[in-house]
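Trainee: no FASTA, just this:
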Ligand SMILES: Cc1cc2nc3c(=O)[nH]c(=O)nc-3n(C[C@H](O)[C@H](O)[C@H](O)COP(=O)(O)OP(=O)(O)OC[C@H]3O[C@@H](n4cnc5c(N)ncnc54)[C@H](O)[C@@H]3O)c2cc1C
Ligand SMILES: NC(=O)c1ccc[n+]([C@@H]2O[C@H](COP(=O)([O-])OP(=O)(O)OC[C@H]3O[C@@H](n4cnc5c(N)ncnc54)[C@H](O)[C@@H]3O)[C@@H](O)[C@H]2O)c1
């Protein structure tokens, strides 16, 4: 077996692994990055963020065309191939791949294609396709092996009629109807994207509302917009099983006795950590009750020189957070000083309309602060919203009871995932809400909604005094 040795070895080339490897190389260390697939970038690039966001761009175009009176009945051709709706994806992926390869080369990181497993706390074996296995020793190891879709035991995902988020974009044609199992982030993004493309979508979840971790005001607007487009939200309903009826449809059987029929089904019932092949017990590690690798505030596992980052350690399970965790895990492993990781991580959901929030929701703020003041601005009351014909948009600011400190900002509507960063900066600087009134925004912009919502809070504050 080939043998090699490095200062730091990273398992996985997703957002967490990539940033971890680059950070260590910048510190002058010898670094190897192990990736089991032919491509670089992890599920973020190939099966997650980038493909779904590419489809969303086209779905939004189709939806916006329909808002033009002359095109209001515009329908895509019945035989439209899904590939044409993500036609730029291959270009985007190729560009991303070559950028990453150049970056690894430039930083002299050794890229090893193969599947890693622990032999001991400092040794990994990498199994390669049609090549001799390699044994690698490392002073420090970062596990960034990511996650994969959970397949519930009662649902057989055949990738022909019943899909998961890894395979949904391999459908040849847009179906006429789609059932989406789940009301989480993946379900909400794909349900609204396919509905905007003209597919008849039914979204089913055991909880009363989708995206339960978000502010109710935001999810109210999301459900309303989804149903305005023709979608159906079915909450408080447990899916017992689903199957292709061998004739014309997938049948989704629910605990309340209802059966929903559709041409295809997307199962978005959560994700599980990629740990099966790693043999972490040989490193002296064990999984926690959630099937994840536990780490401390420094992203260190129970074995001091082994760190973990990204989806393999659990929530927030975002590409954005994974990148920062990867970078920090590397710094901590190499004793490079990094401050505390910000807890102010925004949520950005690329549904139609988009949803985004940072800081505390109104419910969370009421729990921790008692009384709060709230200001809301609807996009259709703002010049830019009127010009763009934005129908479902709202920005909400939550402040302390004195109407001074901003506690949270949440937005629904197009551009929400960009707009939220204005609020994030205010929160990071512990700003008073007056900042949004004192500063001059470009006109006409949706950012003006910050001022309108802030003025509402200041009005309530003045009335109290
Ligand atoms: C449909 C979808 C849409 C998403 N959209 C967004 C979004 O808009 N914004 C956002 O912030 N996040 C989004 N996410 C979440 C985001 O993709 C993940 O949080 C992110 O990819 C996690 O990064 P990671 O580096 O931990 O793991 P991954 O990206 O999963 O990468 C892990 C890598 O490790 C490799 N690996 C695993 N085991 C081994 C082994 N034994 N040996 C060698 N290699 C191994 C895998 O092949 C993989 O390439 C989305 C996810 C999905 C599924
Ligand atoms: N824009 C983004 O940041 C983005 C986009 C996509 C995914 N992600 C990440 O991917 C992760 C996984 O997302 P997800 O949506 O698959 O998982 P999730 O755990 O958020 O949602 C799964 C949903 O399925 C429901 N469910 C499961 N089995 C059911 C049954 N039998 N009957 C009825 N309902 C059932 C659950 O109640 C739950 O609401 C998230 O943690 C998220 O952070 C992020």
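Mentor: Structure received. All figures in this text were calculated on a predicted structure; none of them were measured in a lab. Ligands and ions are numbered 1, 2, ... in the order given.
Trainee: ok, residue 140 touching residue 334?
Mentor: Yes - in this structure, residue 140 is within contact of residue 334 by Cβ atoms under 8 Å, at 7.1 Å. Glycine gets a C-beta too; all of them are placed from N, C-alpha and C.
Trainee: Now do the buried residues in the longest strand seen in the chain.
Mentor: Longest strand in the chain, counting residues (DSSP state E): strand 131-143. Neighbour counts using 16 or more other Cβ atoms under 10 Å place 134, 136, 138, 140, 141, 142, 143 of strand 131-143 among the buried residues.
Trainee: So which elements touch it?
Mentor: strand 2-11, helix 15-26, strand 31-35, strand 123-128, strand 306-308, helix 319-333 (3 or more Cβ pairs under 8 Å, 6 or more residues apart in numbering; DSSP states H and E).
Trainee: Could you give the number of residues near the residue of the stretch 201-350 of the chain found nearest ligand 1?
Mentor: Closest residue of the stretch 201-350 of the chain to ligand 1, Cβ to the nearest ligand atom: residue 310 (2.1 Å). A total of 35 residues lie near residue 310 under the criterion other Cβ atoms under 10 Å.
Trainee: so what pLDDT did the spatially closest residue to it that is not a sequence neighbour get?
Mentor: Spatial nearest neighbour of residue 310, chain neighbours left out: residue 16 (3.0 Å); criterion: Cβ to Cβ, 6 or more residues apart in numbering. Residue 16 carries a pLDDT value of 98.
Trainee: Let me see the contact set for residue 16.
Mentor: By Cβ atoms under 8 Å, 6 or more residues apart in numbering, the residues touching residue 16 are 42, 142, 144, 146, 309-312, 322-323, 325-326, 329.
Trainee: do you know how far it is from ligand 2?
Mentor: 13 Å (Cβ to the nearest ligand atom, to the nearest Å).
Trainee: burial of the closest residue to ligand 1 within the stretch 351-465 of the chain, as a residue count?
Mentor: Residue of the stretch 351-465 of the chain nearest ligand 1, by Cβ to the nearest ligand atom: residue 417 (8.2 Å). Using other Cβ under 10 Å, residue 417 is surrounded by 17 other residues.
Trainee: List phi and psi for it.
Mentor: phi -70, psi -20 (degrees, to the nearest 10).
Trainee: what's near enough to touch it?
Mentor: 348, 349, 350, 354, 356.
Trainee: Which members of these occur in strands, if any?
Mentor: Reading strands off the contacts of residue 417 with DSSP E, I get 348, 349, 356.
Trainee: between the helix or strand containing residue 62 and helix 15-26, how big is the angle?
Mentor: Assigned by DSSP states H and E, residue 62 belongs to helix 49-66. Angle, helix 49-66 to helix 15-26, by axes from the mean of the first three to the mean of the last three Cα atoms, to 10 degrees: 120 degrees.
Trainee: touching ligand 1 at all, helix 49-66?
Mentor: Yes - using Cβ under 6 Å from any ligand atom, helix 49-66 comes into contact with ligand 1 via 49, 52, 53.
Trainee: Touching that helix from outside, list them.
Mentor: 41, 44, 71-74, 76, 85-86, 88-89, 92-93, 96, 165, 169, 186, 189-190, 193-194, 196-198, 229, 319, 350, 352, 414.
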